[in-house]
Structure formats: C-alpha cells, structure tokens
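J.: the following block contains a protein sequence and its predicted model.
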Amino acid sequence: MSYQYLPADEMIKSTRVYGGQPSSAKTPLHVAWGIDQNFLFGCGVSITSILQHNPAMAFVFHVFIDAISDADARRFAELADRYQTTVEIHIVNCERLKAFPTTKNWSVAMYFRFVIGDYFIGRQEKILYLDADIVCKGDIRGLAEADLMDCVAGAVAERDAAWWAIRADSLDCPALAQGYFNSGVLLIDIRRWQSEHVSGKAMEMLSDSAITRRLSYMDQDILNMILLGKVRFLDGKYNTQFSLNYELKPSFVSPITAETVLIHYVGPTKPWHAWACYPSAQPFMAAKAASPWQAVPLMKPGNSNYARYCAKHNFKQRRPLAGVLNYLYYFYLKIVK
C-alpha cells in the first residue's frame, strides 16, 4: 500500500459491504460521500438518484460516516439489493479530526473528504466525491470520463468573478481571483492527490491559527488554496448550485435547467427539510420515493436557526399559523435552550 497521511487502518474502524461486486464486464465508477447523521438521509437519496438516471453504468458507492443505526444500515442493504449495486459503509475514527475547527452547521465530517482521498490511494486511480445535498437528474458519464489533463481534480466554479475576488482577499491568496471552485463535486485523480500530499498539507494548514482565522468555508477554502492551478474547471451542469432559500425572494431566475445533471442544494435549507415544499425540490422527492427512505418523514426544525427558516418559508407558502408557531418555537429555543 502506498503512503497515506491519514492511513485507512487508523482512520477506518470498520467497513460493511452490501450487495455483490459489479460485473467484470463493466469498470465501475467509485463514488464517495463523507457525512454525519444530519446528512445520512440526503446521502441515501443522492445514491438513489444516481442509480435512477444511470441504469447502464456500474457503481461502487462508499459512505464514510462516524456512526450508523441498524435501521439505516438495513436501508443501505435494501438499496444495494433493489438496484443490484454495491454500497460500502466505512465507519470513521474521528479522533485526529477533532483538533480542527468546526462550525454550528459543519461538524468534523467536513474533513472526511481528506480521509476519502487517502483511503483510495493504492485502491483506485480515480473517484468521484459528492456532497450529500446533491441530487442527480441526468447522465453522469461525461463527468466520469472527463479528462483531468494532469490536474489533481475536476470541479465546478462557485458563483462568479466578483465572488472569487472576495475569497482571494479574505484568504490573502490573490491568485484565487482567477477561479474559486465549489468542493461539493470533485472528480479526483488519486495518484495526483497522493503526489501533491493534499491531505498532509490540509492537516498542516488546519493546525495553523493564522490560516484558520481567515477561513469561512473550512475544507473548501483549504482545498482551493492547496489545489491552486491544479484543478480543471468543469461545466456547471455537473454542480448546479441552488439554494432553496432563493424561494423566499419575490422573484429569482433558477439556475436549474434541462441540461443540469447534478443539483447541489447549497445553503441551510435542504430538500429533506419539511419546509422545503417547492417544485425546485421535486428531483429530491422523486428519488426519495424510489428509495428505501420513501416512508421516512421529512425533517422538522431541530435548532433555532432551522426554526427561523422554517417560519419564513411557512409564511412564503401562505401557511401563517405554522409560521407563527415556528417563530414561537424559534424564540423558545433561543431563550430556553
């Protein structure tokens, strides 16, 4: 096994494999997610959406998570059986990662992508990493077969040049003004990842308070600095970034089009939230209906931030009583808890 900064025998406590190995007639695409319990629901539906829209492709799906319930493990087993695919659940040892900064919205699971990159050293040449708030609605063969042109990864730009300039200034990295990517979709050349020592550099930077105090998007900012000039920018249809909170605006132009392949539901409101009842969330709901999570109810607000957004969406959806109740719940959580 080649050198790993985050070695599998230390970082992975155990692995469960569901389903059989793909047919040798097809080379499978290995797709990986790094999640905690808050994103498990989304991850299961994300996998289902890929299978729905890519029936001719072979896959091995990898879920890196710190813990999983028996009920959810059974759902992944059912998913593998129903779609005749392979799902591997990797239980991550988080001890080394707990030293690094987190936020109220992002746990140490945001650093699992570094564990993932190192895990595949010596195992695969190329893998696709996805965030769990991504839903597929088209053919991903073009993404899987993209020529990375000796780059470490392929990714899609985030926002526009004005945003790149803001991130470049915030991170004191002027070259980022030429392009800043969203790390929710990463097609990774594992050998290049290894040769660039990406995980080692990331852990070193995350241990430096002079750097971390500048970070707003932790792992994403770090990856943009490490991979400066080493990323191939891909077509936006492979990571169409859309916030369900756009629905709160009087009007907006949706970036989701007929050409979109992967919808990335960025922002605090996710399509598995009970207040995300909009046509823009229907790709998620369609995949949910075809998944073992079909009967699992959408998630209610579990903290004050979510209760506030829930109330706002209730009023937008002309459900004033629900809006008032959720605002009261918001104040309760803020004052009492």
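T.: Ah, there it is.
J.: show residues contacting stretch 275-290.
T.: 42, 45-46, 48-49, 52, 135-137, 242, 244, 246-247, 254, 256, 263, 265, 269-272, 294, 296, 298, 301, 309-310, 313-314, 317 (CB atoms under 8 Å, 6 or more residues apart in numbering). To be clear about C-beta, it is placed using only N, CA and C from the backbone, and glycine gets the same treatment.
J.: which among those residues count as buried?
T.: 42, 45-46, 48-49, 52, 135-137, 242, 244, 246-247, 263, 265, 269-272, 296, 298, 301, 309-310, 313-314 (16 or more other CB atoms under 10 Å).
J.: show me these that map onto strands.
T.: The strands, defined by DSSP state E, take in V135, C136, F242, I263, Y265 from those.
J.: quick one: the helices in the stretch 51-200 of the chain?
T.: Listed in chain order, the helices of the stretch 51-200 of the chain (DSSP state H, counting those that start in this stretch) span 70-82, 112-119, 141-144, 161-170, 190-195, 198-206.
J.: quick one: mean pLDDT for the fourth one?
T.: Translated: helix 161-170. Across helix 161-170, the average pLDDT comes to 95.
J.: which outside residues touch it?
T.: By CB under 8 Å, 6+ apart, helix 161-170 touches 157-158, 174-180, 214, 216, 221, 224.
J.: so which of the residues you listed comes closest to K237?
T.: A157 (12.3 Å; CB to CB).
J.: returning to what we had before: most widely separated two among the ones in strands among the buried ones among the contacts of stretch 275-290?
T.: Across those, no pair lies farther apart than C136 and F242, at 13.9 Å, counting by CB to CB.
J.: quick check: neighbours shared by these two?
T.: The contact lists of C136 and F242 share I263, where a contact means CB under 8 Å, 6+ apart.
J.: list the contacts of the residue nearest to the spatial centre of the chain.
T.: Centroid-nearest residue in the chain: D131, 0.9 Å away (criterion: CA atoms, centre = their mean). D131 makes contact with W33, F39, S183, G184, V185, H264 under the criterion CB under 8 Å, 6+ apart.
J.: for burial, what's the neighbour tally of the fifth one?
T.: It refers to V185. Here the number of neighbours of V185 (other CB atoms under 10 Å) works out to 25.
J.: what's the answer for the first one, then?
T.: Residue neighbour count, defined by other CB under 10 Å, stands at 25 for W33.
J.: which SS class is it?
T.: strand (DSSP: H, G, I helix; E, B strand; the rest coil).
J.: please renumber the chain so that the first residue is 53 from this point on.
T.: Okay, using 53 as the starting number, the last item reads as W85.
J.: so it makes contact with L182?
T.: Yes. Between W85 and L182 there is a contact at 5.8 Å, judged by CB atoms under 8 Å.
J.: any shared contact partners between those two?
T.: S98.
J.: list only those of the contacts of helix 213-222 flagged as buried.
T.: Using 16+ other CB under 10 Å as the burial test, the contacts of helix 213-222 include A209, E210, L228, A229, G231, Y232, D273, N276 as buried.
J.: who's in contact with the closest residue to L267 other than its chain neighbours?
T.: With CB to CB, 6 or more residues apart in numbering as the criterion, L267 has its nearest non-adjacent residue at 4.7 Å, and that residue is D273. The contact partners of D273, by CB under 8 Å, 6+ apart, come to R219, L223, R266, L267.
J.: give the contact list for A205.
T.: Applying CB under 8 Å, 6+ apart to A205 gives the contacts L238, L239, I240, D241, R244, W245, L279, K282, V283, R284.
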